[in-house]
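Trainee: Requesting a structural model of the entry that follows:
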Amino acid sequence: MTVRLRHVIRVHTRTHRAAAKPAAAKRCLVAIIEDDAEFRGMLRELIEEKQYRVVAFGNAAEALATLRDEVVPDVILLDVSMPGMDGFDFLRFRNDDPRLAAVPVVLVTNAKPNERPTVGVNDVVRKPIDIDEILFAIKRYCV
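Mentor: Model prediction:
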């Protein structure tokens, strides 16, 4: 059964292939870079329910500064369309930093394939997202 949560996130009531092992999830740090506060909050809550650690940013410039200076996540969930520094800019700067360039990036976007960055992107999850799909992508990089 699929439930639409505020028309942004599809949540499946069953937990199957995307359910992370609690021990592995607790060690994994997921960075969310998303300008929509409501969507960012819902996504954070759903990911934390699966025992992942989460750090969330409302803009790409803040994320880049923090990730360069303080913490390197295991995976980055990145929106493409954001005011100021967008996902394209973030990826360019991130790819110039050897520590951050090694971190897998999952685009979380409703951008069409020809409107998406490709360099430095490991995976794409389309909005509205299916939470199982995003958890599967996270688990792929948090082993």
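Trainee: Is it correct that A101 is in contact with R94?
Mentor: Yes. Taking CB atoms under 8 Å as the definition, A101 is a contact partner of R94 at 6.4 Å. Heads up, the C-betas are built off the backbone N, CA and C, glycines and all.
Trainee: Between these two, point out the one with more neighbours.
Mentor: R94 (22 against 12; other CB atoms under 10 Å).
Trainee: Hmm, G120 and the more buried one touching each other?
Mentor: Yes. Using CB under 8 Å, R94 makes contact with G120 at a distance of 6.4 Å.
Trainee: Common neighbours of these two, please.
Mentor: Residues touching both R94 and G120 (CB atoms under 8 Å, 6 or more residues apart in numbering): 101, 105.
Trainee: picking up where we left off before, shared neighbours, A101 and R94?
Mentor: Counting by CB under 8 Å, 6+ apart, the residues touching both A101 and R94 are G120.
Trainee: and V125, what pLDDT?
Mentor: Note on V125: pLDDT of 88.
Trainee: 5 is where my numbering starts, stick with that
Mentor: I'll keep to 5 as the first residue from here, and by that count the last item is V129.
Trainee: Check which strands are paired with the helix or strand containing it and give the direction for each one.
Mentor: Under the criterion of DSSP states H and E, V129 resides in strand 127-130. Here strand 127-130 has these sheet partners by DSSP bridges: strand 109-113 (parallel).
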